[in-house]
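1. Sequence below, structure please.
(chains A, B and C)
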Amino acid sequence: MADISAAPTRLTIGPGPWAVRTRRFGELARKVLSNPTTLIGFVIIVGLLAIALLAPVVTTPNVPDPYQMPRDWGARDAPPGTPGHPLGTTSTGGDVFYGVFWGARTSLQLSVIVVGITVTVGVIVGSLAGFIGGKVDEILMRTVDVLLAIPELIFALAIAAVLGPSFGNIIFALSVVFWVKYARIIRGQIIHVKQNEYVDAARVTGDSKFRIYLKDVLPNSVTPVMVQATMDMGGIVLTAATLSFIGLAQAGLVEWGVLVSDGQAGISAGKWWASTFPGLMIFLWALAFNLVGDGLRDVLDPRTEDR
Amino acid sequence: MTAVDARAPVDPGNTAGRSVITLRGVEKHFPIKEGALQRVVGQVRAVDGVSFEVRPGETLGLVGESGCGKTTLGRCISGLVRPTGGGIYFRLSDEDAATLDEIEAIPVDSRTPDQAGRIRAIDSRHRIGSMGGQAWRTYRRNCQVVFQDSFSSLNPRQLVKDIVGRPLKVYKEASGAALTDAVVSLLESVGLGRQHLFRYPHQFSGGQRQRISIARALALDPEFIVLDEPTSALDVSVQAQILNLLHELQEERGLTYLFISHDLGVVRLMSDRISVMYLGQVAEQGTAEELFVDSRHPYTQALVAANPDINAEPDEEMKGLEGTVPDPANPPEGCRFHTRCPVATPICGWEVDDAVAWLNAHEQLLDALVDVERRSAFDATLVFSGAEAATAVVAALENGTAPEPMRAALAEFSADDHKVNVRFTPVRPVELLPIGGERYTNCVLYSPQDVVVHH
Amino acid sequence: MTAAASAASKQATAPLVASVQDLQVHFQSKAGALHAVDGVSFDIRDGETLGLVGETGCGKSVTARSFMRLVQSPPGVYAGGRIDFWSNEARQTGAGPVDLLSVSDAEMLDIRGDRIAMIFQDPGKALNPALSIRSQIAEVFYQHRSEELLAPLGPDAPRIVRRAARLRTTGLERLLLRLPPLRKDAARLRTQVDNMVAAALAETQIANPRKIMDSYPHELSGGMKQRVLIAQALACNPDLLIADEPTTALDVTIQARILELIAELQQRHQTSVLYISHDLSLVREICDRVAVMYAGRIAEIGTTDDVFSNPGHPYTRGLMRAVPSAHHERGRLAAIKGNVPELIDPTPSCRFSTRCPYAVELCHTVDPRLISLGDNHGVVCFAHDSAIDLGVRPEELPTFSRRTS
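-> Presented below is the predicted three-dimensional model:
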């Protein structure tokens, strides 16, 4: 650090606040991506997003609903390389290539919606519990404890089964199950962050509780949530695939879990392609977000970040 | 909002005849909770009856060892925690203080409605926690804090401009370019500059971060700043820079400081008057000069003797104290320092716990001790496993292997087979009393304490 | 303490215990090599207390840890120099010193805790919270004093008990030790361990050692924990004790008692002490000689008396004037301006030149050397180098007076 008393009083203001903030973000991004495994994860994610984006370009969307698998009854169980069906077809004539591309869109929508809902609900509940404390904390957290005691997958399965097979119900079931984790994480963080002297300093200036929460407490508490959310982007697709694999999504939906399920009967007969390609996509999706989540955790860890 | 709206009930410009902060018997007890039902099983008496005042423009040093309650007291004064007893008053006039003295001497039940009303009126204008909104805002603006840990006291996600400018924003004092200019001039007043505006706290060294904290505390142009060990995390050469800065700012702005520290050298350098705290209470108070050159309380003397000093005579040896600081959840009777005091007298508060602690040093006797049946803090039956141990204890109490003042404080002791009855002369808690000039002490050697309870 | 008188006599005659020569410890980072210790040399003589004093990041702790090879590697690298160490035994048999930086790990294990012991800054962190005080001190005896542990069992102690005295037993053997034929021997071994642990604790004036033995660290106060650590460190009667700020975490009244204790034990056992501290006033009270470190190098070294009454280095002078004193009235201190320089791949220069009010061109470009100011007093500053004209005479450097503007 430069000698402050000897530093010339420059009248230039240097980079403005926005430049500083974007530079900080840039530094962070560079740090995250400097880890080779994180970089691999990031590249896979970019690839998967490209697939989702290019789906309407490289395939002809099915009408009226592009998320309904087009059937080519004339080419059932066609192996990969068949003209018009580069990755083959299923036993019901569904195009695996179409499924892989449009399935990426389904997965993206699914994970963004579920993560969006669960993070919002979780952060609100966890914040109320952690910041207000006392009785509110007691009631909210005991509720959370009860929900956490039920295994995630079984809980989601039960909800989806009760509501009937539909993709919307899967989204709902996953949202009900996944917010609890975030509430837990954010509450723990807030209780920890609340003890920092900068929170006391803000109280001494006379700032309102809500503004202290917004400016001091929340921004310093969210990083573990961001890490968890990144990982859940992968985990949710995996869980949803499980649910649709056992038939909780409507039939014919272009979703990787449904495709794996459709193709599994043929595997023993040597028709490996119908399950393998969508299965590989699920694997890549879950892996990529986990890799990036891990990298984020290393860099965003408050203990290593600011020193 | 304009500055006129934020005027204090007492004209802030006129500082004659009023204090900045007045403490009247302040207590802060933390409950100890246990078990599944979180039952309260005891109280940690972090601050236990502290009274003093801070006069305009002075620096009052608050010194003591870890766990003496100085930081908790600082947090009470800055309004961060609510005291559980007593009152903290802001800008209390001498006249009002006299009124409080007069009325509070009367028991609550026998006060007239008029007297109760006068107390309420004073509380609503001056007492922290009971103030009206306007008075509270005035106090909030005028009482700021600089914390010890400059790493935890600055929000790592805010830019220096936002940290220092925040108080101004809260009170809508400035915005836009005016805010930036105000922040720059604050930074310049603490030796930083415009080039530091858009940086994050982690980009600064410890000393610079403490400068940022000081700039933030100065933003609302307060009258009073609580400095809670502001330099204890810094190296000496940097500490000197910060202490000098605090000095200059006080001179320029007529600030009043409460300077909390465990470092005697630093407190001496910074303070006009000093309060020495021990186990939640003030043991001695006086001008800095008096306290160091001619300390009266044995604890103050022990602190000074134990403090390594670069200017001490070469043959002057550091002397420590025996024992450890007692548990603040169960403080000693009488004078709290008597358990470690080298010059303790029989009326210092000897009690059953002291007898047990003395047994601690005698392995066989302690092993033989089965039970202590307490009738009060001063009266108990010690039950031993055998009659020999009981005889040995009585012998030790008689012939003087037990400390002399403790033996003299025994009103009665007798062996009854394997039991020993001990009863000490009960004493009252000591009080902080004046001993001339600005000096106060709670030591029975100097102030005429009425401590012995006569039957 | 009559530090000055005893120091002078010790200086002249006492044999060497350790000699650090041009020690260099670097830390590798992305930005380059951080020269944490950059050519440090000093001697420790038998029975003396040498103080190593300086501010955060000056390299004093890294120097101390190098004695025990405790610098974490990576990123730490011993980039040069040696630390010669003469144990009492080596001195008596006339054997030469060992270089602590190049001995094998097995030899280091034997030296560590036995011939050289260390007390750390934070007694709370240096003790294992899950183990009783007894087992933490007993560890040292099992490691270094197994023969002594077996003494009451006579020369023909069973093999399994011998292994137990070295903590080398397997699970099955431990079971056998509980069964009749071996049970008695095992009990005698345990009694001997307890006796030795109690004796070690009693050395540190702990009132009720047998009771303390059974307690766990969280049940003890800070001062008590530090006593336990001292007992552990001195259990094997080491030739050199390294004390790394052992009282920084303690209150002054406790600190004074602990220092008295260390001084007393040191005298009784004729142990040499390397005392690391940031506190000048403390070092002045307890050390025979003192080395002032700045930015990885020694700035000044000499007897405590010489250094404090006649400091030669501008940094020493500045530092001494920056220390607040209870003897000093309200007012200002003379602060050293600026901050410690970056130590990544530094170029030759006096490290203090960036903050020194007397620095000239030469100071920024050439490494100064140690200039002797007397028998036991050396300063690393060009102002004292008669071969170089700095434009400022040594006597023109500011004197040690506290009164400034």
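2. for A:P80, what are its contacts?
-> A:86-88, A:96, A:273 (Cβ atoms under 8 Å, 6 or more residues apart in numbering or on different chains). C-beta coordinates here come from the backbone N, C-alpha and C atoms, glycine included.
3. Just the buried ones from the residues you listed?
-> In these, burial by neighbour count holds for A:87-88, A:96, A:273, counting by 16 or more other Cβ atoms under 10 Å in any protein chain shown.
4. Give me the subset of these lying in helices.
-> Among those, DSSP state H puts A:96, A:273 in helices.
5. give me the residue from the stretch 51-200 of chain B nearest chain C.
-> In the stretch 51-200 of chain B, no residue comes nearer to chain C than B:E65, which is 3.8 Å away by Cβ to the nearest Cβ.
6. what does the stretch 51-200 of chain A give?
-> Using Cβ to the nearest Cβ, A:Q195 is the residue of the stretch 51-200 of chain A that sits closest to chain C, at 19.2 Å.
7. which residues sit in contact with that residue?
-> Contacts of A:Q195 by Cβ under 8 Å, 6+ apart: none found.
8. Report pLDDT for the most centrally placed residue in chain C.
-> Nearest to the mean C-alpha position of chain C, counting by Cα atoms, centre = their mean, stands C:I242 at 2.7 Å. We have a pLDDT of 95 for C:I242.
9. Direction included, what does the one helix or strand C:V292 maps to pair up with?
-> In this structure, C:V292 is located in strand C:289-294 according to DSSP states H and E. With DSSP bridges as the test, strand C:289-294 is paired with strand C:49-53 (parallel), strand C:297-303 (antiparallel).
10. Return the residues of chain C in contact with chain A.
-> C:337-339, C:354-355 (Cβ under 8 Å from any Cβ of the partner chain).
11. that older thread, can I get the strands paired with strand C:289-294 in TSV with mean neighbour count?
-> What follows is the strands paired with strand C:289-294, written out as TSV (neighbours: other Cβ atoms under 10 Å in any protein chain shown):
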stretch	mean neighbour count
strand C:49-53	26
strand C:297-303	26
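12. Turn those into JSON lines, columns for mean pLDDT.
-> What follows is these, written out as JSON lines (pLDDT from 0 to 100):
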{"stretch": "strand C:49-53", "mean pLDDT": "95"}
{"stretch": "strand C:297-303", "mean pLDDT": "94"}
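13. Columns distance to A:V57 on top of these, output as JSON lines?
-> Below are those laid out as JSON lines (distance: least, Cβ to Cβ, whole Å):
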{"stretch": "strand C:49-53", "distance to A:V57": "71"}
{"stretch": "strand C:297-303", "distance to A:V57": "66"}
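14. residues of stretch C:355-375 that come out buried?
-> C:355-356, C:358-360, C:362-363, C:368, C:370-371, C:373.
15. related to what we said a few turns ago, now for the residue nearest to the centre of chain C: which residues touch it?
-> C:64, C:67-68, C:116-119, C:273-274, C:276.
16. try it again with 6 Å
-> C:64, C:67, C:118, C:274 (Cβ atoms under 6 Å, 6 or more residues apart in numbering or on different chains).
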